[in-house]
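Novice: Below: sequence and its predicted model.
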Amino acid sequence: MTNSYESSKLLGEYLLFHYGKDHELMPWKDGPVNGLRFPDRTVTELMDRSAPNQTGKALDLGCAVGASSFVLANFFDRVTGLDFSESFIEAANEIKRQGFLEYKYLEEGDMFGQGTVRCPEHSDKVSFVVGDACDLPNEWRGFDLVHAANLICRLPDPHVLFSRLPDLVKVGGQLLLATPFTWLEEFTPKDKWVGNGNSAQALGEALSPHFKLEKSVDLPFVIREHRRKFQFSVSLGTRWRRVKE
């Protein structure tokens, strides 16, 4: 399968999306500022932080350039971030390795702005790997928390991942999902779309045998293409608890 997430322009967009300052990502004061800091919010607004034991291990599927993985490291002893894009994972590892990363993002035409990522705290707890969320290692199981933001509608067959989730999340553990249900045939064949018009209900039907829904919120997000063009979307954010069979 061809990976469409391997371009320098898209890498810059995602580094800005994950790590950019608010005024860089949204320079217009009347813009949708409720869509800022999305990678952080998919963790902090969904996770049950009142649980008695927030140690152990977490898995971040579709981690892109790694911001949500670093956030998870504030709560867990070990975090694995996985993404299909080699350039995204290379950037995340570079942030860890040298403590910072300079990048360019499009302003207009062929003019670019300059951004810098500073390595977050607890980066020693995080490891980043290239991989396929539909073909995960068999030995990966029993995570205290699994996080997947804006991943489901970019998979060739979401149900392959759904079938692995009961093993990935230990009983009592948390599953954090965020998805705008943007179904596109370039990523997911139409016969594999979840729900196709009522995706939230279909997601619940797929997960309910092994998970209990605990929280459901709308999570807006903004991706900047250039200083006068933005993608504004709203993910459905959910938290699920792994229950006994």
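Specialist: Looks like it came in fine. Numbering: from 1, shown residues only.
Novice: Which elements pack onto the lengthiest strand in the chain?
Specialist: Using DSSP state E, we find that the single longest strand of the chain is strand 211-226. Other elements packing on strand 211-226 under the criterion 3 or more C-beta pairs under 8 Å, 6 or more residues apart in numbering; DSSP states H and E are helix 8-19, helix 22-25, helix 38-44, strand 100-108, strand 169-179, strand 229-242. For glycine as for every other residue, the C-beta is placed from the backbone atoms N, C-alpha and C.
Novice: The ones you listed into TSV, with extra columns for mean neighbour count?
Specialist: TSV is the format used below for the helices and strands packed on strand 211-226 (neighbours: other C-beta atoms under 10 Å):
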stretch	mean neighbour count
helix 8-19	21
helix 22-25	15
helix 38-44	21
strand 100-108	16
strand 169-179	21
strand 229-242	18
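Novice: mind checking the SS state of the closest residue to residue 182 other than its chain neighbours?
Specialist: With sequence-adjacent residues excluded and distances taken as C-beta to C-beta, 6 or more residues apart in numbering, residue 182 is closest to residue 153, at 5.1 Å. Put simply, residue 153 is helix when judged by DSSP: H, G, I helix; E, B strand; the rest coil.
Novice: what about residue 153, how many residues close to it?
Specialist: Residue 153 has 18 neighbours, counted by other C-beta atoms under 10 Å.
Novice: which intervals of this structure have sub-threshold pLDDT?
Specialist: Residues of the chain meeting the criterion pLDDT under 70: 1-6, 51-54.
Novice: List phi and psi for residue 149.
Specialist: Main-chain dihedrals, residue 149, degrees, to the nearest 10: phi -110, psi 120.
Novice: dump the residue contacts of it.
Specialist: 38-39, 42, 62, 68, 176-179, 235 (C-beta atoms under 8 Å, 6 or more residues apart in numbering).
Novice: can you put these in TSV and add distance to residue 128?
Specialist: Listed next are those as TSV, based on distance: C-beta to C-beta, whole Å:
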residue	distance to residue 128
38	19
39	14
42	17
62	12
68	12
176	18
177	20
178	20
179	22
235	22
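Novice: Pick the one among these closest to residue 214.
Specialist: Nearest to residue 214 among those, counting by C-beta to C-beta, is residue 176 at 10.2 Å.
Novice: Direction included, what does the longest strand of the chain pair up with?
Specialist: strand 229-242 (antiparallel) (DSSP bridges).
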